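Peer 1: structure of the sequence below:
(chains A, B and C)
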Amino acid sequence: MPAYATNMRFKFPIVALTLEIITIILFAVFAVYDDGKGHGHDSHSNDTHHEEPPMKLYPMFQDVHVMIFIGFGFLMTFLKRYGFSSVGINLLLAAFGLQWGLLMQGIWHLDNGKIKVNIFKMINADFSTATVLISFGAVLGKTSPVQLLIMTILEITIFSINEHLVATTLMASDVGASMIIHAYGAYFGLAVARVLYRPGLRNGHDNEGSVYHSDLFAMIGTVFLWMFWPSFNSAIAETPETQLNAVINTYLSLAACVLSAYAISSLVEHKGKLDMVHIQNATLAGGVAVGTCADMNIEPFGAMVIGFVAGIISTLGFKYLTPILASNLGIQDTCGVHNLHGMPGILGGLAGIVAVALGKKEGGEAAMQAAALASSLGFALVGGAVTGLIMKLPFWGQPPDQNCFDDSIYWEVPEEEEENEESLAHADHSKNKAEA
Amino acid sequence: MPAYATNMRFKFPIVALTLEIITIILFAVFAVYDDGKGHGHDSHSNDTHHEEPPMKLYPMFQDVHVMIFIGFGFLMTFLKRYGFSSVGINLLLAAFGLQWGLLMQGIWHLDNGKIKVNIFKMINADFSTATVLISFGAVLGKTSPVQLLIMTILEITIFSINEHLVATTLMASDVGASMIIHAYGAYFGLAVARVLYRPGLRNGHDNEGSVYHSDLFAMIGTVFLWMFWPSFNSAIAETPETQLNAVINTYLSLAACVLSAYAISSLVEHKGKLDMVHIQNATLAGGVAVGTCADMNIEPFGAMVIGFVAGIISTLGFKYLTPILASNLGIQDTCGVHNLHGMPGILGGLAGIVAVALGKKEGGEAAMQAAALASSLGFALVGGAVTGLIMKLPFWGQPPDQNCFDDSIYWEVPEEEEENEESLAHADHSKNKAEA
Amino acid sequence: MPAYATNMRFKFPIVALTLEIITIILFAVFAVYDDGKGHGHDSHSNDTHHEEPPMKLYPMFQDVHVMIFIGFGFLMTFLKRYGFSSVGINLLLAAFGLQWGLLMQGIWHLDNGKIKVNIFKMINADFSTATVLISFGAVLGKTSPVQLLIMTILEITIFSINEHLVATTLMASDVGASMIIHAYGAYFGLAVARVLYRPGLRNGHDNEGSVYHSDLFAMIGTVFLWMFWPSFNSAIAETPETQLNAVINTYLSLAACVLSAYAISSLVEHKGKLDMVHIQNATLAGGVAVGTCADMNIEPFGAMVIGFVAGIISTLGFKYLTPILASNLGIQDTCGVHNLHGMPGILGGLAGIVAVALGKKEGGEAAMQAAALASSLGFALVGGAVTGLIMKLPFWGQPPDQNCFDDSIYWEVPEEEEENEESLAHADHSKNKAEA
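Peer 2: Residues are numbered from 1 along each chain as shown, chains lettered A, B, ... in the order given. As a prediction, the model looks like this:
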C-alpha cells in the first residue's frame, strides 16, 4: 500500500527541521524586540498599545495561551485512543503556528523593515494558531503530522491575508474573531475534510468514541476554554472600557449558553439524559457567537440572548446536522467544529452586522461587517479546498482507514490497559485450564 | 416507583429554560455596564474600586473563576462513577448561579435603579456560587439536576440576604468569607443532607469510592484550589496593602496546613499510610480558616498557626467525625464538606473574633464578628432545612438509592472500560472454550 | 528486614510536625509583612521593586505557583502506579520548601533583623522549591517521604548559599535560573541518586513505565510548564523592558524547541514514531536553556537557536545517555532530569557566558558567569553527595526494591482497576466453569 507509507522516520523530521530552520532565518532577518519607540500600525490597536507599559497585556496573553495549549489540546482528548495526538499534535501545530503567525501577521506592519515583537503581537500570533486548531478538529484522527504541518503553514498564511483585508481594508469590527478565526477555521477545516473524504469510514470506526476517563480529560479542555474566553474576546479591545464590556458580554453569554445547551441536550437525548459531546462543546458556542460584537454596546441581556441562541443551535447541530453532513455531503467532521465554531461563528458575524446597523459600535458600517463575513467564508472555503488537495497528495504518510483515530500509528503507546487485561484474562484462562 | 421518575426529558429542559429566560428578562430590566461614573455603595469596597482602572481586578477574577469551575468541579471527581456529574453539574450550577448571584447581590446596591456590572461584582457573583458548590458536595450523588437548580436559586438568594446583613448592617469583617461562604455553604448543605437522609445508604454504596485515576482527577481540583486560594481571600480587600497581607497570610496558612494534614493523615491511618481523601481536602482547610482574618494584621506566624490547626481538625474530622454524623445524626456528607468548609469556617469565624478583639483590624468590633458568625450559621441551618424540604418533594427526579453515585442515570455514559473488559474476558473464555 | 521498616506511622508525623513547628517559631521571630518602607537589598531587584505597587508581580507569582504545584506535580504522574506520590509528595515538599526557602533566602537580606515578606520574596521562595522538585524527579519512586523532607531542608539551605554567592558576590546574571536552579537541582539530584544506587533495579522494574492515561496526566504538567515558562524566566527581571525581552525570548525558544524535540524523537524511534517521554520533557528544554540569558539582548532568533539546540540535546540524552548513566555510572535517573534540567541548564550557563562576552548584558562579566556555573555545579555535586549519604541512613523508611515505583507502600490506594478486572475475569472463569 504505497499511498499509505505511514512511517514518519524521515518525512516528518525533515519537514519539521526544515520548517524550523527557515523560520529561524526569517526571524533573524525580520524580528526584533519592540522597544516602544516604533510608529508602526497595528491593525487592531490603532497604536493605543504603544504607549502603554510593555507588560500590561501579559495576563491576558497567558489566558489566551492556556486556551490554545490546554483548552484546544485537551478538548480533543475525548477519543478513547487518540489522546496523545490530540494534546501532542496540538502542541506541535500551535508551537510552529505561533512562529509562522508572528511572521505572516508581522509583514503587514513592518517598522523600518522589522517586525517589532511585543505582547500584543504574541496574542495575535496565538490567535492565528486557533484557526489551525479548529480545522484540526475537523480532520482529527485522519491525518498525519506532516499533512497537518502543511495545513498549518497554508491556513495561517491565508488567515493573515483575510485578517488584513477585514481589519485594514474593510475596517470591520471583529474583536473576538467570530468571523476571522471561528467561522474561517471551521469552514477551512470542513473544506479540507470534504476533499479528504474517506468512504471507508462511512459506517463509523471502532475507535471513534470515548471512554469514561477520556471524556473527563476533554472536560479539562472545555472548562479552561470556557473560563478564559472573556480574555480571548477582550484581549485586543481598544480601550479599557471596551475591554470591560467585552469581558462582561462574554462572561454572560457563556453563562446563558450553558443553560440552553444543557436543556436542549436533555431534550433531544434518549430518556432526557445529558450527552457529553454537547456539554463539552455546545457550552462554548456562546463565546464564539458573542465574539464579533463583544466590545459593542449590546447591553448584558443582548449578550445573554446571543449565548442562549448559540447553545441551542450548537446542540441541535451536533444531534441532527453532523450526521447529515457526513452521510449526504461527505463531510466527516470528527469534533463537530461546524457546530462549535462554524454556525456560532456565522451567528456572531450576523449579530455583528445587526449590532453595527443598530449603531452599537461607533463608526461601524453594517455593509463592511457583511463583507468581512463573506470574505472570511470565501477565503476559508477556497483556501481549505486547495489546502485539502495538497494534503491529499499520496506521500504525506496519511493513515489507512483501519488505523484512523489510533495514536499507535504515529506514537509509541504503552501496552494498553485493556489489551493488557484481556491478555491477562487469556493467561489466567490458560493457566486455569492447565491446572484443571 | 412514581416518586423516582428520573427521566429528565421534560422536567429538566423546562426548568432550565424557564429559569434562564426569566434571568435574561431581569437582566434586560436591571443590568447595565459599569461606566465608572456611578455613586453606588459596594458593600465591601466602600467605593474604593470605583476610581480604579476597570480591568484592575481581572487577574484576581480569573483566579477565582478557575477555583469555581476547575477547582470545585474536579475536586468532586474522586468518585469512580460520578465524574461527569461532578464537573458537569458543577458547571451548570455555577453558570446559572453567577447570573442569579449578580442579580441578588446587585439589588442591594442599585444605582438609579440599575445594577452596574463590573469585575468587582463578577468576583462577588462567582463567590456566591461557591456556597452552592460547597452544599453540592454534601449531597453529591444523591440529587437530580432539577433539585440542584432549585437549591441554587434558594441558597444564593438567602446568601445574599445574610451577606448584606453581615457586611452592611453588622459591618463585620469577612474578607475571605470563612463565615458567609464556607460555614454558610457547609451547614446549608448539611441541613439539606439531613432532610434528604437516605436510610438505604446507611451501609454505604458500591459506587461511593474512588478508583486510581479518579483520585488523580480530583487532585487537579485540589491543587488549583490550593494555588489560587490567596486570590480568593484577597480579591475584594480594600487596599493594595491589605490585599498583600491577605495573599501572604493565605499562602502561609495553606503551606502550614499541608504539613499538619499529611502528618495527621499518616498518624491515624493503617500502617501510617496517607489517605487521599485527607490530602485532597484537609490541605485546603488552611485557606478556609484564615479567610475572615486574612486581611488583618495577624502576622505571618499567626496565619501559619491557624492553618496548622485547621489541617489537624479537618483530617481528624474526616477520620472520626464524618462516620458519626452519618450513623448517629443521619447526615450523609458525601464529600465531607463539614471537615473542609464547616469546622474550618467556624474556626475562621472564631479566629476573626479573637483577632478583632486583639485590635488586629482597625475599627472592628468583636461582638459584630460573633453576630456575623451566628447569623451565617442561623441562615444556613434554617435556609438549608427549608430548602431540603422543597427538594424532597417527590417529583424532581431524584435517583433511587441503588442508582446513587452513578452518572448513568442522568448522562449518556460510554460503555464502561471495566464492564467492557469483563465482557471481553467472557468472550475470550467462550471462544477458548469453543476452540477447546 | 529492619533496614526497610517502611511503616511511616510515627516517623513521618513526628518529622513533619516537628519541622512545621520549628518553622512557625522561626517565622514568629523573623517574618513580618513588607510595609514598602524597608531599605533592604533584594539580591535580584536592586530595590527596584520596593517602590512599586505591592501586588504588581502577583500575576507572575501565580504563573510560577502553577508551574511548581501543577507543572512539576503532574509532569511526574507518568508512572503507572506512582501518581499519588508524584502530585501528592510534590505538594508536600513544595509547601514545606517555600516556607523554608523564605527563611533561608530571607536571612541574607534582613531589614532591622526582620524578613519582610512580599510577592517578590514569595516568587523566590517558590523558585527555591523548584530545585527540590527537580531532584525529586531523579529519585522518584525510590525514596520515602521522610527522606524527601530531609532532602528538602538540605537542598534549599545549600541553594540559598549558592544563590547568594552567585547573585551578590559574583554579581552574575541568571534571571531564569538555568544555573542556580536547573543545573543545580539536576546535579544535586543525580548525586543523591548515585549515592542511593540500587543494584536491584539494574534490570528495570515492572512499575517503571506508563499507561495510556498516566501519560495524559503527565501532559497536563508538561503543558502548564511550557505555557508559563515565560513567567518563570521573566518574573524577577529588573525592568519592564527586560521583562518583556525575557518573555519574548522564552516564548520563542520554547516554540523552536518543540519542533526540534518532535523531529529528533521521530528520527531516533522505531518506525519514526513519537515517544511520549521526549514530548513530555524535551519540549521544555528550551525554557531551561534560555534562562540565563533570557533578559539579555540576544535577539529573537538567538533565543530560537538556543531552544532548537536544547530540544535536540535533550531528546538525544533521553534516548542514548540515560541508559548509559544507569548502566555504567550507577545513576538511576527516574525522570531523566539530566536531560531536561541538567544538560540544558549547563547549555544555558554557557550561552550566558557567550552572551555576556558578546556584550549582550550591560555590565556583565563573562568570567563571573563562568564562576557562577562552576559554583552551582560544585555546590550541587558536593551538597547532593552529602545529602545522599544522610538520606542513606537505614531508618528513614525507604522502600525495598520490589516496592519501588508503587504508591501503595505509603498511600491507601483504591482497589486497582486492573487487579479488580483480573479478579473479575478469574471469577467469571470460575463461574463459567462451574456452570459448564
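
Peer 1: contacting residues for the residue of the stretch 51-200 of chain A found nearest chain B?
Peer 2: Nearest to chain B, among the residues of the stretch 51-200 of chain A, is A:Pro59, at 4.6 Å (C-beta to the nearest C-beta). For every residue, glycine as well, the C-beta is placed using N, CA and C. Listed by C-beta atoms under 8 Å, 6 or more residues apart in numbering or on different chains, the contact partners of A:Pro59 are B:58-59, B:62, C:59.

Peer 1: likewise A:Thr77?
Peer 2: Residues in contact with A:Thr77 (C-beta under 8 Å, 6+ apart) are A:83, A:86-87, A:214, A:217-218, A:220-221, C:216.

Peer 1: element containing the residue of the stretch 51-200 of chain A closest to chain B, please.
Peer 2: Taking DSSP states H and E as the criterion, A:Pro59 maps to helix A:58-66.

Peer 1: where's A:Ile115, which helix or strand?
Peer 2: strand A:115-117.

Peer 1: does chain C sit close to that strand?
Peer 2: Yes: using C-beta under 8 Å from any C-beta of the partner chain, strand A:115-117 comes into contact with chain C via A:Val117.

Peer 1: which residue ranges form the helices in the stretch 151-300 of chain A?
Peer 2: A:184-195, A:212-234, A:240-268, A:276-281, A:285-289, A:299-316 (DSSP state H, counting those that start in this stretch).

Peer 1: check the closest residue to chain C within chain A and give its pLDDT.
Peer 2: Of all residues in chain A, A:Arg9 sits closest to chain C, at 3.0 Å by C-beta to the nearest C-beta. Predicted confidence (pLDDT) for A:Arg9: 80.

Peer 1: that one - how many residues pack around it?
Peer 2: Using other C-beta atoms under 10 Å in any protein chain shown, A:Arg9 is surrounded by 16 other residues.

Peer 1: backbone phi and psi for it, please?
Peer 2: Backbone geometry at A:Arg9, expressed as degrees, to the nearest 10, gives phi -50, psi -40.

Peer 1: mind listing what it touches?
Peer 2: For A:Arg9, the contacting residues are C:266-267, C:271-272, by C-beta under 8 Å, 6+ apart.

Peer 1: flag the least confident of these.
Peer 2: In terms of pLDDT, C:Lys271 ranks lowest among the contacts of A:Arg9, with 88.

Peer 1: that one contacts A:Lys11, doesn't it?
Peer 2: No: C:Lys271 is beyond contact range of A:Lys11, at 11.8 Å (criterion: C-beta atoms under 8 Å).

Peer 1: higher neighbour count, these two?
Peer 2: A:Lys11 (19 against 12).

Peer 1: would you check how far apart that one and A:Leu329 are?
Peer 2: 31 Å (C-beta to C-beta, to the nearest Å).

Peer 1: if we can go back for a sec, direction included, what does the strand holding A:Ile115 pair up with?
Peer 2: strand A:31-33 (parallel) (DSSP bridges).

Peer 1: can you give the distance of the partner strand from its chain's centre?
Peer 2: Centroid separation for strand A:31-33 versus its chain: 27 Å, with C-alpha atoms, centre = their mean, to the nearest Å.

Peer 1: residues making contact with it?
Peer 2: Outside strand A:31-33, the residues that touch it by C-beta under 8 Å, 6+ apart are A:102-103, A:106, A:114-118, C:244-245, C:248, C:297, C:299-301.

Peer 1: cutoff 6 Å now
Peer 2: Applying C-beta atoms under 6 Å, 6 or more residues apart in numbering or on different chains, the contact partners of strand A:31-33 are A:114-117, C:245, C:300.

Peer 1: would you mind listing what in chain A touches chain B?
Peer 2: A:59, A:210-211, A:213, A:216, A:219, A:223, A:227, A:240, A:243-245, A:248, A:255-256, A:258-259, A:262-263, A:266-267, A:271-275, A:279, A:300-301, A:304, A:418, A:421-422, A:425-426, A:429 (C-beta under 6 Å from any C-beta of the partner chain).

Peer 1: are any of these buried, and which?
Peer 2: Neighbour-count burial (16 or more other C-beta atoms under 10 Å in any protein chain shown) is assigned, among these, to A:59, A:210-211, A:213, A:216, A:219, A:223, A:227, A:240, A:243-245, A:248, A:255-256, A:258-259, A:262-263, A:266-267, A:272-275, A:279, A:300-301, A:304, A:418, A:421-422, A:425-426, A:429.

Peer 1: secondary structure element holding the residue nearest the centre of chain A?
Peer 2: The structure's chain A has its C-alpha centroid closest to A:Ile134; by C-alpha atoms, centre = their mean the separation is 2.5 Å. Per DSSP H and E: A:Ile134 is located in helix A:119-139.

Peer 1: now the angle from that helix to helix A:58-66?
Peer 2: 20 degrees (axes from the mean of the first three to the mean of the last three C-alpha atoms, to 10 degrees).

Peer 1: using CSV, write out every CA atom in helix A:119-139.
Peer 2: Taking C-alpha atoms only, helix A:119-139 is exported to CSV below (Å, rounded to 0.1, in the frame of the first residue of the first chain):
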residue,chain,number,x,y,z
ILE,A,119,2.8,41.1,23.9
PHE,A,120,0.1,42.4,21.6
LYS,A,121,1.7,40.6,18.6
MET,A,122,2.1,37.5,20.6
ILE,A,123,-1.6,37.4,21.4
ASN,A,124,-2.3,37.8,17.7
ALA,A,125,0.2,35.0,16.9
ASP,A,126,-1.6,32.7,19.4
PHE,A,127,-4.9,33.7,17.8
SER,A,128,-3.6,32.8,14.4
THR,A,129,-2.9,29.2,15.6
ALA,A,130,-6.5,28.9,16.8
THR,A,131,-7.7,28.7,13.2
VAL,A,132,-5.5,25.7,12.6
LEU,A,133,-6.5,24.0,15.8
ILE,A,134,-10.2,24.4,14.9
SER,A,135,-9.5,22.9,11.4
PHE,A,136,-7.5,20.2,13.2
GLY,A,137,-10.7,19.2,15.0
ALA,A,138,-12.5,18.6,11.7
VAL,A,139,-9.9,16.1,10.4
